[in-house]
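1. Sequence plus predicted model, see below.
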Amino acid sequence: MMAAALATASAAHAETHDARWEAARQAIWTKELAIYAGRSRGDLSMYLANTASDYKAWPPFNEVPKGNDGLKATGAAMQGKTKEHLEMTFLDLALNGDTAVIYYKTHRTMLADGTPADEHFEVTHTWTLQDGTWKVLGGMARVRPDRPNAR
């Protein structure tokens with residue numbers, strides 16, 4: 001009888017975790033897609049509206065991470081450059097309490113100024129619940145390395 005009660009409690013916990021994971025995945029992925037849609041219009045306001053207190057991220061071509069001031073400078077430099085094209089592929093999400101890390105990859109086929117490109121990136125963003133809303137706390141992106149023996 002005790003084993004059955006533990007199995008039931010374990011199943012209920014798994015269902016609750018699965019539901020929380022799916023809700024977090026959906027909310028965060030929707031925001032990620034909106035942030036990149038804004039980028040394609042030369043507008044980082046959606047990104048800036050979704051950064052947490054003490055946000056820092058490390059873009060692939062920067063020597064060091066940058067915070068909101070760096071993000072604002074990037075947004076100013078992107079003004080009027082509206083041709084970037086990125087395809088995004090969700091990979092996974094790690095969820096622990098009020099913190100989530102999303103993993104995805106992007107394929108950029110056109111730069112913001114209209115220059116054709118064929119660039120592949122791997123991205124993580126760490127999200128935190130801040131006042132009940134998912135906000136980006138940090139992130140890192142890198143150029144996808146060659147993986148000749150990848151499985």
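-> Thanks, I have it. Numbering: from 1, shown residues only.
2. Is residue 127 in contact with residue 100, as I believe?
-> Yes: between residue 127 and residue 100 there is a contact at 4.6 Å, judged by C-beta atoms under 8 Å. All C-beta atoms are positioned from the backbone trio N, CA, C, and that covers glycine.
3. anything in contact with each of those two?
-> 24, 28, 134 (C-beta atoms under 8 Å, 6 or more residues apart in numbering).
4. Can you give me the first-to-last residue distance of stretch 60-77?
-> Start-to-end span of stretch 60-77 (C-alpha to C-alpha, to the nearest Å) is 17 Å.
5. Mind listing what's buried along it?
-> For stretch 60-77, the neighbour count (16 or more other C-beta atoms under 10 Å) marks 66, 68, 70, 71, 75 as buried.
6. Any idea which residue is closest to the centre of the protein?
-> residue 125 (4.1 Å; C-alpha atoms, centre = their mean).
7. Local confidence estimate at that residue?
-> Looking at residue 125, its pLDDT is 98.
8. residue contacts, it?
-> 28, 32, 57, 101, 102, 136, 138, 139.
9. Recalculate using a threshold of 6 Å.
-> 102, 136, 139 (C-beta atoms under 6 Å, 6 or more residues apart in numbering).
10. other SSEs contacting the strand or helix carrying the last one?
-> Translated: residue 139. Assigned by DSSP states H and E, residue 139 falls within strand 133-143. Counting contacts by 3 or more C-beta pairs under 6 Å, 6 or more residues apart in numbering; DSSP states H and E, strand 133-143 is packed against strand 51-58, strand 116-130.
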